[in-house]
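>>> coordinates only, sequence not included:
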């Protein structure tokens with residue numbers, strides 16, 4: 001279990017970069033980064049398949065299609081949603097929205113399993129709602145009215161990312177814990193190919209063929225971040241998350257997403273070279289407290305069910 005937790009935390013650190021890199025690669029666009037990132041993910045997956053160890057064998061067609069869809073829709077769709085959310089709404093809001101994932105999955109699990117009374121979930125949900133609302137209202141209050149529309153679009157984009165994350169988390173965990181679970185390395189490679197296929201439809205929306213002007217330094221910075229996000233933030237992160245999904249129950253694996261929120265906020269404030277405002281710090285603390293309380297509520301119930 002320790003290995004699974006460490007792999008999950010490492011994945012969250014790599015995925016936390018998603019909340020800052022889209023702004024670090026300007027003047028290149030989000031679509032530019034998406035295509036290069038997942039193109040590299042696919043290329044690495046295909047090159048590794050030169051070795052028989054990485055080739056998808058004995059994987060049922062249904063499982064293979066699931067892996068391709070997780071890569072194409074889950075990864076590409078999630079990254080585009082979060083990237084635009086960051087560009088539109090700033091550093092604080094998107095990580096907080098995505099950070100509700102553990103509680104959302106807890107609610108889904110409770111609807112299915114009836115693990116704990118709903119009245120016990122009321123307090124953590126209220127804390128999370130107040131935390132997110134506090135940050136959002138403070139940002140609206142200090143933002144010119146002409147930018148409110150962009151922030152709302154950013155929140156909406158983050159919500160789409162959250163929904164895609166829930167689907168990805170449920171589907172990948174179900175696959176990894178099924179009786180005929182596929183090999184982790186082969187499963188990662190299939191997701192990489194799916195991500196590569198998914199990003200092909202975005203090529204017409206990139207800066208290719210446009211009048212974009214960039215310096216040599218900006219080009220090298222874009223290449224560097226593309227390599228980091230494609231090889232570490234996509235291929236390695238997927239491999240680590242599959243290890244975590246295989247070794248940990250979904251409830252525990254989902255709780256680790258809190259770390260992605262923390263890393264995302266830290267990276268965002270480091271990029272902006274500032275400390276969080278009182279509202280951002282207070283809202284974040286309330287949200288993390290709510291998630292932590294939900295974890296504390298579900299853990300004993302899960303333990304009793306396990307015995």
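Great, that's in hand. What you are looking at is a predicted structure, and each value in this text was computed from that prediction instead of being measured.
>>> where's residue 181, which helix or strand?
Using DSSP states H and E, residue 181 is not contained in any helix or strand.
>>> need the contact list for it.
The contact partners of residue 181, by CB atoms under 8 Å, 6 or more residues apart in numbering, come to 175, 246. C-beta here means a position set from N, CA and C on the backbone, and glycine is covered the same way.
>>> how much space between it and residue 11?
For residue 181, the distance to residue 11 (CB to CB, to the nearest Å) stands at 18 Å.
>>> can you check residue 237 too?
Taking CB to CB, one finds residue 237 at 5 Å from residue 11.
>>> and if you look at residue 26?
Counting by CB to CB - residue 26 and residue 11 are separated by 26 Å.
>>> more crowded one of these two?
residue 11 (26 against 13; other CB atoms under 10 Å).
>>> secondary structure element for the closest residue to residue 19 other than its chain neighbours, which one?
Computed as CB to CB, 6 or more residues apart in numbering, the closest residue to residue 19 that is not its neighbour in sequence is residue 264, at 3.6 Å. Taking DSSP H and E as the criterion, residue 264 maps to helix 257-272.
>>> what comes up buried for that helix?
257-269 (16 or more other CB atoms under 10 Å).
>>> hang on, the earlier thing: just checking, the residue nearest to residue 19 touches residue 20?
Yes. Here residue 264 reaches residue 20: they are 7.5 Å apart, a contact under CB atoms under 8 Å.
>>> now do the strands in this protein.
Assigned by DSSP state E, the chain shows no strands.
>>> low-confidence ranges in it?
91-92, 102, 106, 109-110, 112-115, 139-140, 143-146, 249-255, 295, 298-307 (pLDDT under 70).
>>> ok, 50 please
The chain contains residues with pLDDT under 50 at 306-307.
>>> that older thread, biggest separation within the buried residues of helix 257-272, which pair?
Using CB to CB, the buried residues of helix 257-272 reach their maximum pairwise distance at 257 and 269, which is 19.1 Å.
>>> any idea how far residue 186 is from residue 15?
Residue 186 is 22 Å from residue 15, by CB to CB.
>>> settle it for me: which of these two has more neighbours?
Set residue 186 next to residue 15 and count neighbours by other CB under 10 Å: residue 15 wins out with 26 against 22.
>>> quick one: that one and residue 273, what's the gap?
Distance from residue 15 to residue 273, by CB to CB: 22 Å.
>>> close enough to count as contact, residue 77 and residue 164?
Yes. The criterion here is CB under 8 Å, and residue 77 meets it with residue 164 at 5.0 Å.
>>> number of nearby residues for the closest residue to residue 60 other than its chain neighbours?
What sits nearest to residue 60 in space, not counting adjacent residues and going by CB to CB, 6+ apart, is residue 180, at 7.0 Å. Applying other CB under 10 Å, we find 9 residues neighbouring residue 180.
>>> residue 180 and residue 289, how far apart?
40 Å.
>>> likewise residue 72?
Taken as CB to CB, the span from residue 72 to residue 289 is 36 Å.
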